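Asks: Let me see the structure of the following:
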Amino acid sequence: MELEDHWGAVHHIRHQTKPPPRLQEETVDWPQFIAKASKDVFSNWKKVHHYWHEGPLWNALALFITFNAVCFGLLIFSGHIGATPNAQRTFEKVSTLNKVH
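Replies: Model prediction:
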């Protein structure tokens, strides 16, 4: 009797259970996923808060702000912010001394 129960369990496992689900074949496109999620959040926020309008004056203001933000970013990464003129002269003197000796 015990042997019949085991064979019944084996038969059930082999023939009546579902196979495990396959792994997801597509990889998640994270930048696209984040862009969709942030677009939904921003569009919901924009429906409530109306700070920006349409028109030529607003477009000119947007262009001005964007241009200044890009120029400021270039200035940050150029290394000119925080560098004093004396530091530059000192660097030039040290580099010329190293060339001489």
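
Asks: Could you pull out the helices in this structure for me?
Replies: 2-15, 30-48, 56-78, 85-100 (DSSP state H).

Asks: want to try a markdown table for those helices, with distance to residue 21 and mean neighbour count as columns?
Replies: C-beta: built from backbone N, CA, C; applies to glycine. A markdown table is the format used below for those (distance: least, CB to CB, whole Å; neighbours: other CB atoms under 10 Å):
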| stretch | distance to residue 21 | mean neighbour count |
| --- | --- | --- |
| helix 2-15 | 17 | 9 |
| helix 30-48 | 21 | 9 |
| helix 56-78 | 47 | 10 |
| helix 85-100 | 63 | 9 |
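
Asks: how about those in JSON lines, adding mean pLDDT and distance to residue 23?
Replies: What follows is those, written out as JSON lines (pLDDT from 0 to 100; distance: least, CB to CB, whole Å):
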{"stretch": "helix 2-15", "mean pLDDT": "73", "distance to residue 23": "22"}
{"stretch": "helix 30-48", "mean pLDDT": "80", "distance to residue 23": "18"}
{"stretch": "helix 56-78", "mean pLDDT": "91", "distance to residue 23": "41"}
{"stretch": "helix 85-100", "mean pLDDT": "64", "distance to residue 23": "56"}
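
Asks: Tell me which residue is most central in this structure.
Replies: Nearest residue to the geometric centre of the chain (CA atoms, centre = their mean): residue 31, 6.6 Å.

Asks: Distance-wise, check residue 80 relative to residue 71.
Replies: According to CB to CB, to the nearest Å, residue 80 stands 12 Å off from residue 71.

Asks: and residue 79, how many residues sit next to it?
Replies: 8 (other CB atoms under 10 Å).

Asks: which ones are touching residue 15?
Replies: For residue 15, no residue counts as a contact, taking CB atoms under 8 Å, 6 or more residues apart in numbering as the criterion.

Asks: any idea how far residue 26 is from residue 33?
Replies: With the distance defined as CB to CB, residue 26 ends up 12 Å from residue 33.
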